[in-house]
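K.L.:
Here is a sequence together with a model predicted from it:
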2 protein chains.
Amino acid sequence: MITQEAIEAAHERIKVYINHTPVLTSEAIDNLAGASIFFKCENLQKIGAFKARGAMNAVLTLTPEARAKGVATHSSGNHAQAIARSAKIMGIKSYIVMPRTAPEIKKQGVLSFGGEIFECEPTLESRETTLQEVVGKTGASVIHPFNNYEVITGQATAAKEFFEDIPAMDVIIPPVGGGGLLSGTALSAKYFSPSTLVYAGEPEGADDAYRSLKSGSIQPSQSNSIADGLLTTLGDKTFPIVRDHVKEVITVSDQEITNAMRILWDNLKVIVEPSGAVPFAAVLKAKEKLKGKRIGVIISGGNVDLARAAKLFGL
Amino acid sequence: MITQEAIEAAHERIKVYINHTPVLTSEAIDNLAGASIFFKCENLQKIGAFKARGAMNAVLTLTPEARAKGVATHSSGNHAQAIARSAKIMGIKSYIVMPRTAPEIKKQGVLSFGGEIFECEPTLESRETTLQEVVGKTGASVIHPFNNYEVITGQATAAKEFFEDIPAMDVIIPPVGGGGLLSGTALSAKYFSPSTLVYAGEPEGADDAYRSLKSGSIQPSQSNSIADGLLTTLGDKTFPIVRDHVKEVITVSDQEITNAMRILWDNLKVIVEPSGAVPFAAVLKAKEKLKGKRIGVIISGGNVDLARAAKLFGL
């Protein structure tokens, strides 16, 4: 089990390599939502996403011998950049398996940190086969995007910072894909702000966490949403934490995600990727239930091609 | 003369009504510029621009009798929203004279704060005539966008915060339009960080500050640039401060502004309006001279229609 001390130690360990991201508010958005909303801007994190936290913690907790052989992962994007950056900081190699359909901006990010990309088909099977081949050749340590306790512990530091900066939040809500950020957030809430309820936002077209919580076992993902960072399924390490500590998963349509994204761009003046807008879309959807509350929304990332965003916005 | 104590008092006075804006950095941008650049994000300020500071200070320093009659101004945009917001906070009326060509997003901002808009032609003459009419009818106090000591003192608080957060900057560079932010920045540098050199970024198509410094007297503006917030000319209160305390004005083309804007959007993940990208464009232009320096860039605002930005970016 991940302890409070483990999260505190991870935060100390990674602090110098990450941003303490700002919390933004907007009077216009509060009026719209009928609540006090605080936005933790992990889109302003290193590599433009919270993934910088977990990756850095995982790389820093490898033994020196393991670390010397490099690190490897498969990822649709932000985790890939995060691993490549962490490896670059430590002066080691990174090997990144990416679906050939991954957004160009995310591939460029990996390359800019000196990561070596191995393309695969956009299926879990192809990702894993390709990753095994890479590891066989290099002896690199695999750092899974979410089903890894050091990664989860690193992601938990976002909510820890958030609770330190903004006291007495009634609700905290990250997005859920594989559940790394969500389970980390849930554990930080438990240790650092036990009265705060943990919700999650999830795309309707990839609602495996919603269905997994309902059924009590991990359900496969359908993977059909504009929120490209959230198409994965909960893992055996994230599911039990989510099951035990998350109050509710709220699902939202692609149209609701796009609307939420546009409201954030226009009012907060920050660039939010579709996945990053999912929790705010969920807050707007659950408006009646959340009326008058102090709500902490985690904007998870900002890595979206501007041309793609313009298209989503109909510009 | 504006004293150090006046800037400190203004900061205390407005603190609760404004954001202490974050400072962002980017490894990719530092590599590109060959310098350490710190970005003070006044685009993440209330109303999306530094103007929230000066307007709030000016409204708060009116006598209660004057304040009760409301406030009036002419402005192409951000100052207008800032005055409307400050008036709303104080529960008084605001009367805003705006050129009919002002961006829709800026008009909507004024209306959302309950400001009353009076449209005029986009000339200084029409602005001033219309404003005189409004004042004649209402008895409101005119708060000039920049040629007003309380406004300048309020704008100075942005650089004061910046120096407190980031020590030992070699250079600080805001944009220059009418010179409110620039003269405030220059005074804060003088008092709080005297070893920091003050530069300014200005559009080539509205290079009146550049020419005024060269000639030693206020020169008229040509007013032709995508940087719609910077088309005004220095005033008799801002010019002497700029003349005495600013090392150099660096001018940039519209293409250079668009390029800089795009780099900021892509790397900082924040929305920057054309005017707000002018200082960073100037830093890139003066790359050789600024190599290896610690540079503080003020991103002055983020109020740009997304459709307009998409067009500028060729999306």
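P.N.:
Sure thing, it's come through.
K.L.:
Check what pLDDT the closest residue to A:Phe313 other than its chain neighbours gets.
P.N.:
Nearest non-adjacent residue to A:Phe313, counting by CB to CB, 6 or more residues apart in numbering or on different chains: A:Arg262, 5.7 Å away. All C-beta atoms are positioned from the backbone trio N, CA, C, and that covers glycine. If you check A:Arg262, the pLDDT there is 98.
K.L.:
how would you label A:Arg262: helix, strand or coil?
P.N.:
helix (DSSP: H, G, I helix; E, B strand; the rest coil).
K.L.:
Residue of the stretch 51-200 of chain A closest to chain B, please.
P.N.:
Residue nearest to chain B within the stretch 51-200 of chain A (CB to the nearest CB): A:Ser112, separated by 6.5 Å.
K.L.:
And the nearest residue to that residue once chain neighbours are set aside, how close does it get to A:Asp170?
P.N.:
The spatial neighbour of A:Ser112 that comes closest, neighbours along the chain excluded (CB to CB, 6+ apart), is B:Ala28 at 6.5 Å. For B:Ala28, the distance to A:Asp170 equals 38 Å [CB to CB, to the nearest Å].
K.L.:
what helix or strand is the residue of chain A most remote from its centre on?
P.N.:
Distance from the C-alpha centroid of chain A, by CA atoms, centre = their mean, peaks at A:Lys137 (29.3 Å). Here A:Lys137, judged by DSSP states H and E, is contained in helix A:124-138.
K.L.:
Pull up the pairing partners for the following helix or strand past that helix, direction included.
P.N.:
Per DSSP H and E, helix A:124-138 leads on to strand A:141-142 as the next helix or strand towards the C-terminus. Paired strands of strand A:141-142, with direction, are strand A:71-74 (parallel) (DSSP bridges).
K.L.:
what residues are up against A:Ser275?
P.N.:
A:175, A:177, A:227-230, A:300-301 (CB atoms under 8 Å, 6 or more residues apart in numbering or on different chains).
K.L.:
Please name the nearest non-neighbouring residue to A:Gly179.
P.N.:
A:Thr238 (3.2 Å).
K.L.:
isn't that neighbour right up against A:Pro145?
P.N.:
No. Using CB atoms under 8 Å, A:Thr238 makes no contact with A:Pro145, being 10.4 Å away.
K.L.:
Need the residues touching each of those two.
P.N.:
Joint contacts of A:Thr238 and A:Pro145 (CB under 8 Å, 6+ apart) are A:178, A:180.
K.L.:
any idea which helix or strand of chain A has the worst average confidence?
P.N.:
Between all helices and strands in chain A, the lowest mean by mean pLDDT, DSSP states H and E belongs to helix A:104-112, at a mean of 85.
K.L.:
Output it as PDB - backbone C-alpha positions only.
P.N.:
Taking C-alpha atoms only, helix A:104-112 is exported to PDB below (Å, rounded to 0.1, in the frame of the first residue of the first chain):
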ATOM      1  CA  GLU A 104       2.500  14.600 -34.000                       C
ATOM      2  CA  ILE A 105       3.000  17.200 -31.200                       C
ATOM      3  CA  LYS A 106       3.500  14.300 -28.800                       C
ATOM      4  CA  LYS A 107       6.000  12.500 -31.000                       C
ATOM      5  CA  GLN A 108       8.000  15.700 -31.500                       C
ATOM      6  CA  GLY A 109       8.000  16.100 -27.700                       C
ATOM      7  CA  VAL A 110       9.700  12.700 -27.200                       C
ATOM      8  CA  LEU A 111      12.200  13.400 -29.900                       C
ATOM      9  CA  SER A 112      13.100  16.800 -28.400                       C
END
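K.L.:
Give the other helices and strands that that helix contacts.
P.N.:
Packing partners of helix A:104-112 (3 or more CB pairs under 8 Å, 6 or more residues apart in numbering or on different chains; DSSP states H and E): helix A:78-90, strand A:94-99, strand A:116-120.
K.L.:
where does chain A come near chain B, residue by residue?
P.N.:
A:19, A:22, A:24, A:27-28, A:43-44, A:46, A:48, A:105, A:112, A:262, A:265-266, A:268-271, A:302-303, A:306-307, A:310, A:313, A:315 (CB under 8 Å from any CB of the partner chain).
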